[in-house]
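> predicted model, plus sequence, below.
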Amino acid sequence: MNKKSDLSILRHSAAHLLGHAVFELFPKTLLTIGPATKDGFFYDCVPQRSFKEEDLIAIRERMLEIVARDLPLEHKEISKTEARKLYAHNKFKLELIDQIPGETVGLATQGNFYDLCRGGHVATTGELQHFVLLNISGSYWRADRTKDALQRISGTAFYTAEDLAAYLKRQEELIQYDHRTLGKQLDLFSFHDEGAGFPFFHPKGKSILNTITAYMRSLKQHHNYQEISTPTMLSDHLWRQSGHYEHYKENMYFLNIDEQCYAVKPMNCPGAILTYKTRPRSYRELPLKLAEFGHVHRHELSGALHGLLRVRAFTQDDAHIFCTQEQLKPQIIEIITILRTMLQRFGFHKISFFVETRPASSIGNDELWKLGTETLCNALTHVGLDYKIEEGGGAFYGPKIGAYIEDSYGRQWQCGTVQIDFFQPENFDLSYIAPSGERMRPVIIHQALYGSLERFFAIITEHYRGNFPLWLAPIQARVMAITDAQQQHAEQWYHALKEMGIRAELDETSDPIKAKIKDASIAKIPWMVIIGAREAERGEATLRLHNGTQHANITPEQLLKMFLDQTQFTIPAGLEKSDKKEQQ
């Protein structure tokens, strides 16, 4: 047995073990579903009284008892009639039975416990020794917030004690380097009860956001994007026309001004569309690329809020490209290239691509959806990228490419989307004048490569464990004198670094140099510029990097060259500007 590939079997069996323990300890609990997941397993329940964290101790102990019984896990098919009798008291299981095709259902048994199951288990409970229960959280039946509220007990399992220990060590690191912990430790951002879900960025955090924004702006300027800014509030009529009201109103904020209903924008698209419509457009202007770092607001349930990863207000690095159908493929190719270059700049080299197709709730006709989906697939194939199809994952107005990155912990995050939209141009009657003089309908490409700047901020904070690279760090260098006798020389170096454009600060304390170095290390400052008596005499410095590496006898000119070598952004090969004439 390939244990790595069969972890899902082990974890599926562990979910049954969890259900068995809950059944014995809390017999009036209704069990719903208990699947294996990518990282572990869970069981959703409706307990007679709400579970508390301390209940996990008792549940784990009972699970270990069941492991010690070494019960065989058996599977058989039974009639739906028999299954309904077994679960006459459980409406959730009855619903599942009704939805399973055919006249029989699978039933797994271990001792006196049984559960609906398709099969695929370890041989006995004795094989389930290496597991841990992680937490209790809230959930909804069928992940639908309009349905029954449930409690979820989550855990994970491994085949060996060594694998479990490695996992637990990694979890400790994840807690230690959680972006919320680092945000407080490094004074980057905060949250307050006066604005739940609305982040407050401190000077250092804002510096990182500004650098992220400036980098994306430089990429877009290189490719002839034009930056715009649109209002935060617009008439609700606009959102009804765009379709956002029908598909997204539960996540929108509304208010009345002078007896007129306005909506706080959850997306930037309608603002870009109105900008396009301000005057007649010629084919010579296309592709017209309107970029916006738009601040949007979306209502999230308080229980769903999670640091910067899930907020109620965030900034999108949006762009809307108005183009002809002939320009679609080259534009998509260009966006993919920009996206890959951007992600690699931040140290993400494992990127997976998905083409997400028409969802159940959508607008438009099948022919255009098919054309859009094929265009996205062809663009990815053109640049030699593999991709998978995610059925039903597109936006309500068009198919999209979703890019998923793998961070330094091996976790995957969706980061970057590219969407084709044939339907908003119809909704808003957009046009351009073709060479023939006819009015033609443009296509819109929606792109957001960071997606949410706030969410991307959280991802890179954890990815780097707070040790931001030199080009991104809010404080790039701290200047420190070994003794007070060199403080004046340290001040001269500090001012020189500031004039070079380096984000520097001066340690003005009289602490011993070891304490100064320790303080700079805790603050995760990449460079420490150290001035001792010998350095002061020669007009030089010792450069100590955050990893402990030292470079002695550094002159200001040498330091500036090192800085520029590590921080200057140059357009890499493969990001050359596209030829507009070839696209027309």
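Thanks, I have it. Residues are numbered from 1 along each chain as shown.
> and the helices in the stretch 301-450 of the chain?
Using DSSP state H, counting those that start in this stretch, the helices found in the stretch 301-450 of the chain span residues 328-345, 366-382, 424-427.
> report the rounded mean pLDDT for the shortest one.
Which is helix 424-427. Regarding helix 424-427, the rounded mean pLDDT is 92.
> just the second one next, same as before
Along helix 366-382, the predicted confidence averages to a pLDDT of 92.
> between it and helix 328-345, how many degrees?
50 degrees (axes from the mean of the first three to the mean of the last three CA atoms, to 10 degrees).
> follow-up on the earlier one: distance to residue 319 and mean neighbour count for the helices of the stretch 301-450 of the chain - can I get that in CSV?
The C-beta positions use only the backbone N, C-alpha and C, and glycine is treated the same way. As requested, the helices of the stretch 301-450 of the chain are exported to CSV (distance: least, CB to CB, whole Å; neighbours: other CB atoms under 10 Å):
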stretch, distance to residue 319, mean neighbour count
helix 328-345, 8, 20
helix 366-382, 16, 17
helix 424-427, 14, 18
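> looking at the ones you listed, which is closest to residue 30?
Closest to residue 30 of the helices of the stretch 301-450 of the chain is helix 366-382 (CB to CB; 40.6 Å).
> what does the closest one contact?
Applying CB atoms under 8 Å, 6 or more residues apart in numbering, the external contacts of helix 366-382 come out as 325, 328-329, 332-333, 336, 353, 355, 357-358, 362, 386-387, 398-401, 418, 420, 422-423.
> give the contact list for the nearest residue to residue 416 once chain neighbours are set aside.
Using CB to CB, 6 or more residues apart in numbering and skipping the chain neighbours, the partner closest in space to residue 416 is residue 403 (3.9 Å). Residues near residue 403 by CB under 8 Å, 6+ apart: 339, 343, 351, 352, 353, 354, 414, 415, 416, 417.
> what's the pLDDT at residue 403?
Residue 403 is assigned 94 on the pLDDT scale.
> ditto for the one 3 residues further on
In the prediction, the pLDDT value recorded for residue 406 is 92.
> repeat that for residue 578.
Among the per-residue scores, residue 578 holds a pLDDT of 43.
> what about this structure, any weak spots by pLDDT?
Applying pLDDT under 70 to the chain flags the ranges 1-5, 569-584.
> give me the number of residues near residue 549?
Using other CB atoms under 10 Å, residue 549 has 8 other residues around it.
> whichever of the contacts of residue 403 end up buried, select them in ChimeraX.
A single ChimeraX command selects the buried members of the contacts of residue 403 (16 or more other CB atoms under 10 Å):
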select :339,343,351,353,354,415,416,417
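> just flag the most distant two among the contacts of residue 403.
Pairwise distances across the contacts of residue 403 peak at 14.9 Å for 343 and 354 (criterion: CB to CB).
> pull out the buried positions in stretch 487-502.
Within stretch 487-502, the residues that count as buried by 16+ other CB under 10 Å are 487, 489, 490, 493, 494, 496, 497, 502.
> tell me which of those fall in helices.
487, 489, 490, 493, 494, 496, 497 (DSSP state H).
> any idea how far stretch 529-540 is from the chain center?
Taking CA atoms, centre = their mean, to the nearest Å, one finds stretch 529-540 lying 45 Å from the centre of the chain it belongs to.
> now do the same end-to-end measure for that stretch.
Using CA to CA, to the nearest Å, the end-to-end distance of stretch 529-540 comes to 10 Å.
> and it, which residues are buried?
Buried, per 16+ other CB under 10 Å, within stretch 529-540: 529, 530, 531, 532, 535, 536, 540.
> from these, which ones fall inside helices?
Applying DSSP H to these, the entries found in helices are 535, 536.
> the stretch 201-350 of the chain: strands as residue ranges?
Under the criterion DSSP state E, counting those that start in this stretch, the stretch 201-350 of the chain contains strands at 226-227, 233-235, 253-257, 260-264, 288-297, 313-323.
> out of these, deepest packed?
Highest mean neighbour count of these: strand 313-323, a mean of 23 (counted as mean count of other CB atoms under 10 Å).
> which of the contacts of residue 403 sits closest to residue 124?
residue 352 (36.7 Å).
> and that closest one, what are its bridge partners?
Beta-bridge pairing of residue 352 under DSSP bridges involves residue 404.
> what sits against residue 239?
Counting by CB under 8 Å, 6+ apart, residue 239 has contacts 245, 249, 252, 263, 270.
> for the stretch 451-584 of the chain, just list every one of the helices.
453-463, 487-499, 513-522, 533-538, 556-567, 580-583.
> just send the ones you listed back as TSV, with distance to residue 68 too.
As requested, these are arranged in TSV below (distance: least, CB to CB, whole Å):
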stretch	distance to residue 68
helix 453-463	38
helix 487-499	65
helix 513-522	46
helix 533-538	67
helix 556-567	57
helix 580-583	69
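> which one of the ones you listed lies nearest to residue 225?
helix 580-583 (13.0 Å).
> before we move on, the earlier item: looking at the helices of the stretch 301-450 of the chain, which is closest to residue 108?
Per CB to CB, nearest to residue 108 of the helices of the stretch 301-450 of the chain: helix 366-382, 39.1 Å.
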